[in-house]
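*Asks:* could you look at this predicted model? Sequence included:
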Amino acid sequence: MGRWRRRISPDKYAIPSWQTAAAAGCAKCSKTYRNGPDVRPTRILLFTSVADQTTCTANSYGGTSFAAPMWAGYLALANQQAVAAGGSPLGFINPTLYTIGLGSGYDTAFHDITSGSNGYSATIGYDLASGWAARTGAV
């Protein structure tokens, strides 16, 4: 399996404090090293591409190359809205995502993905296949 597909820190970064409780409930997660992913961009990621300017092709892809820009855009809009309302930018959100994921509002904030695999099986709650899964828009 290529390095980019590993879900447990290939560089052996220590597990952050905000991830330890989620990892404790995840059978395949490392209890020592950083686990990923934290979240997915959507339940199913479809996009249309026009490669030769004549034919549109629907594709089903995912991974960090798609998830990171989608989350960055979403958080940029959330920061813009927070500042416009007189608040502060959100800042580093990972501890907050894990607090939400472990709390009673999980089902409101995330679409849990409980089936499928990327080499690791999706399960209820946090897992190495989808992290906390896809946001509902409430996050």
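*Replies:* Received the coordinates, thanks. Residues are numbered from 1 along each chain as shown.
*Asks:* which helix or strand in the protein has the lowest average pLDDT?
*Replies:* Across the helices and strands of the chain, the lowest-confidence element by mean pLDDT, DSSP states H and E is strand 46-50, at a mean of 52.
*Asks:* in contact with P95: list those residues for me.
*Replies:* W18 (CB atoms under 8 Å, 6 or more residues apart in numbering). In short, each C-beta sits where N, CA and C put it, glycine included.
*Asks:* quick check: which element contains it?
*Replies:* Using DSSP states H and E, P95 maps to helix 94-102.
*Asks:* what residues of that helix count as buried?
*Replies:* Neighbour counts over helix 94-102 (16 or more other CB atoms under 10 Å) mark L97, Y98, I100, G101, L102 as buried.
*Asks:* mind checking pLDDT for the residue nearest the centre of the chain?
*Replies:* The residue lying closest to the centre of the chain (CA atoms, centre = their mean) is V39, at 1.2 Å. If you check V39, the pLDDT there is 83.
*Asks:* next one: G25
*Replies:* The model's pLDDT for G25 equals 92.
*Asks:* just give the number of residues close to it.
*Replies:* 14 (other CB atoms under 10 Å).
*Asks:* and it, what does it touch?
*Replies:* Listed by CB under 8 Å, 6+ apart, the contact set of G25 reads G125, Y126.
*Asks:* any idea how far it lies from F66?
*Replies:* 27 Å (CB to CB, to the nearest Å).
*Asks:* what's the answer for D112, then?
*Replies:* D112 sits 20 Å away from F66, going by CB to CB.
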